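*Asks:* predicted coordinates and the sequence they were generated for:
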Amino acid sequence: MGLMDDASVRDFLDGNLFAVCGASERRQKYGNQIFRALRRSGRVAIPLNPVADQVEGCTAYRRLEQIPECPESVCLVTPPSVTLSFVQEAIELGVRSLWVQPGAQHSEAGQLARDAGINVIDDGRCILVALLEL
């Protein structure tokens with residue numbers, strides 16, 4: 001049974017607009033690989049980076065609220081303390097689905113998002129594996 005058999009994974013990937021918090025300018029970094037994989041799969045993805053103005057030629061934002069249209073699905077590749085602040089912002093904005101990548105998990109953030117009715121994947125599964133199954 002693959003990741004695509006999981007309803008929460010399908011719900012995440014069914015979004016129309018994706019944000020990658022922690023998208024790096026450096027191609028070898030996990031956040032950059034996830035950003036590129038989402039775009040290669042035909043999805044519209046927006047990078048979030050604390051210092052870069054662009055990632056892979058796309059305008060990068062510092063915060064979710066700066067993106068002109070609220071993303072439905074947000075992938076987090078951030079330190080846990082940063083994950084918490086992005087999750088709080090996602091709740092305020094009405095983001096539908098969050099995928100917290102291995103190493104970015106924050107137990108309080110995951111529970112806050114679940115309590116707000118957000119689809120949360122934060123159990124150590126990797127989005128790159130799911131995208132390979134498509």
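*Replies:* Yes, it's here. Numbering: from 1, shown residues only.
*Asks:* for the protein, just list every one of the strands.
*Replies:* 17-21, 44-48, 54-55, 58-59, 73-76, 97-100, 119-121 (DSSP state E).
*Asks:* pairing partners for the first one, with directions?
*Replies:* Strand 17-21 pairs in its sheet with strand 44-48 (parallel), strand 73-76 (parallel), by DSSP bridges.
*Asks:* contact partners for the closest residue to residue 40 other than its chain neighbours?
*Replies:* Computed as Cβ to Cβ, 6 or more residues apart in numbering, the closest residue to residue 40 that is not its neighbour in sequence is residue 131, at 7.9 Å. (C-beta placed from N, C-alpha, C; glycine too.) Neighbouring residues of residue 131 by Cβ atoms under 8 Å, 6 or more residues apart in numbering: 13, 37, 38, 40, 41.
*Asks:* most widely separated two among those residues?
*Replies:* By the measure Cβ to Cβ, 13 and 40 form the most distant pair in the contacts of residue 131, at 13.2 Å.
*Asks:* okay, the strands of the chain in a markdown table with distance to residue 84 and mean neighbour count next?
*Replies:* A markdown table is the format used below for the strands of the chain (distance: least, Cβ to Cβ, whole Å; neighbours: other Cβ atoms under 10 Å):
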| stretch | distance to residue 84 | mean neighbour count |
| --- | --- | --- |
| strand 17-21 | 11 | 26 |
| strand 44-48 | 15 | 24 |
| strand 54-55 | 22 | 18 |
| strand 58-59 | 25 | 14 |
| strand 73-76 | 10 | 28 |
| strand 97-100 | 10 | 26 |
| strand 119-121 | 13 | 21 |
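*Asks:* quick check, central residue of the chain?
*Replies:* residue 75 (0.9 Å; Cα atoms, centre = their mean).
*Asks:* mind checking how far stretch 39-46 is from the chain centre?
*Replies:* 12 Å (Cα atoms, centre = their mean, to the nearest Å).
*Asks:* what are the ranges of the helices in this structure?
*Replies:* 7-13, 30-40, 80-93, 107-115, 127-133 (DSSP state H).
*Asks:* now those as CSV including distance to residue 19 and mean pLDDT?
*Replies:* Formatted as CSV, the helices of the chain follow (distance: least, Cβ to Cβ, whole Å; pLDDT from 0 to 100):
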stretch, distance to residue 19, mean pLDDT
helix 7-13, 12, 94
helix 30-40, 10, 97
helix 80-93, 9, 97
helix 107-115, 14, 95
helix 127-133, 13, 89
